[in-house]
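# Give me coordinates for this.
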Amino acid sequence: MKTKNVLLLTATITPKSGVPNLKRTDPALRLKDYEQAFKFYLSKLNQCCDAIVFAENSNSEISSLEKLVKERNLSDQVEFIVFNGLDYPPHYDRAYGEFKLIDYAMENSAIIARQPENTIVWKITGRYIVENIDKLINRQPNNFGIYCNFRNFPKHWVDTFLIAWTPKAYQTCLQNIYQKLRLNEPDVPTNSGAEELLRKWFDQQSNIKFVRRFKVTPLIEGFRGADNRGYTTNDLWKFRVRSSINTLFPWLWI
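Numbers count the residues shown, from 1 in each chain. Next comes the predicted model:
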């Protein structure tokens, strides 16, 4: 059976005030980010992916996105899930909210529910364009539960902007994981980030088949929420360095 690939795009158009390390807070600006990325991913339907689920947790207006789907006659392949999911202290930070959102989407998506067991869900932070997503999907490894990108330098970390999984692996390893990603709490080690906490959790799992490095280095276009720096305008050199090292020294996880 041919593997199905579903993109799960996560979104918070109107973030709550008080979220730590978040400078890109203007809802109008964030919506433009999502619109630009959404147009890109719509163009990938029937090329490298079979369906898209757009999940938004601030109960914001998304008519501009819905219009894009209708104009392209893609309603059968695109699903929108919009709800009020920001009912937690903002200091828990963004990863807590995103993985809480992902739980809701995995539980309530009609598109994901009707897919075969070998379906791969590609979770992408919805403001970011992964320009080479087609290469990442087309060159994915066989028979994995979770496909992600570990880093060992400068710290032990797992990238969270892009992670792929089977629905079964998600239920086993990631469902309710948001509860372990609370930041700025007394029981959380000082200076730990969600990417480090998730890495520690993944390192403890023995019943899931992980592929811990992407075969293709993701090329990201978009602006980081933490500092408004552009990936392609400010950090393109990082992509080039990581891509070269991934080819020449694949054991050096940076």
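# Let me see the ranges of the strands in the stretch 151-254 of the chain.
Counting by DSSP state E, counting those that start in this stretch, one finds strands in the stretch 151-254 of the chain at the ranges 157-158, 162-165, 210-211, 220-221.
# and those, which is most packed in?
Ranked by mean neighbour count, these are led by strand 162-165 with a mean of 23 (mean count of other CB atoms under 10 Å). Using the backbone N, CA and C atoms, a C-beta is placed for each residue, glycine as well.
# tell me which element the residue positioned nearest the centre of the chain falls in.
Nearest residue to the geometric centre of the chain (CA atoms, centre = their mean): I124, 2.9 Å. Using DSSP states H and E, I124 sits within strand 120-125.
# One more: L101?
Taking DSSP H and E as the criterion, L101 maps to helix 94-108.
# Just the CA atoms of the helix or strand following that helix, as CSV, please.
Remark: after helix 94-108, the chain's next helix or strand is helix 110-113, criterion DSSP H and E. Extracted in CSV, the C-alpha atoms of helix 110-113 (Å, rounded to 0.1, in the frame of the first residue of the first chain):
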residue,chain,number,x,y,z
ALA,A,110,-11.6,13.8,10.0
ILE,A,111,-8.9,13.6,7.3
ILE,A,112,-6.4,12.0,9.6
ALA,A,113,-9.0,9.6,11.0
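# Show me what counts as buried in helix 110-113.
The neighbour-count check on helix 110-113 (16 or more other CB atoms under 10 Å) flags 111-112 as buried.
# Pull up the gap between Y128 and K209, please.
According to CB to CB, to the nearest Å, Y128 and K209 sit 26 Å apart.
# wait, L236
Going from L236 to K209 by CB to CB gives 33 Å.
# rewinding a little: from what I see, the residue nearest to the centre of the chain and V6 are in contact.
No: between I124 and V6 there is no contact under CB atoms under 8 Å: 10.9 Å.
# now the helices for the stretch 1-150 of the chain?
For the stretch 1-150 of the chain, the helices defined by DSSP state H, counting those that start in this stretch occupy 27-42, 63-71, 94-108, 110-113, 133-138.
# Kindly reformat those as CSV containing mean pLDDT.
Shown next, in CSV, are these (pLDDT from 0 to 100):
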stretch, mean pLDDT
helix 27-42, 98
helix 63-71, 98
helix 94-108, 97
helix 110-113, 98
helix 133-138, 98
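# Out of the ones you listed, which is the most enclosed?
Looking across those with neighbours counted as mean count of other CB under 10 Å, the highest average goes to helix 94-108: a mean of 21.
# just the angle between that helix and strand 120-125, please?
Relative orientation of helix 94-108 versus strand 120-125 (axes from the mean of the first three to the mean of the last three CA atoms, to 10 degrees): 140 degrees.
# Need the CA coordinates for helix 94-108. CSV is fine.
Taking C-alpha atoms only, helix 94-108 is exported to CSV below (Å, rounded to 0.1, in the frame of the first residue of the first chain):
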residue,chain,number,x,y,z
ARG,A,94,4.7,28.1,23.0
ALA,A,95,5.7,24.4,22.8
TYR,A,96,3.2,23.6,25.5
GLY,A,97,0.4,25.3,23.5
GLU,A,98,1.5,23.8,20.2
PHE,A,99,1.6,20.2,21.3
LYS,A,100,-1.7,20.7,23.1
LEU,A,101,-3.1,21.9,19.8
ILE,A,102,-1.6,18.9,18.0
ASP,A,103,-3.4,16.6,20.4
TYR,A,104,-6.7,18.3,19.6
ALA,A,105,-6.0,18.1,15.9
MET,A,106,-5.0,14.4,16.0
GLU,A,107,-8.1,13.6,18.0
ASN,A,108,-10.6,15.6,15.9
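# Perfect, I'm done here.
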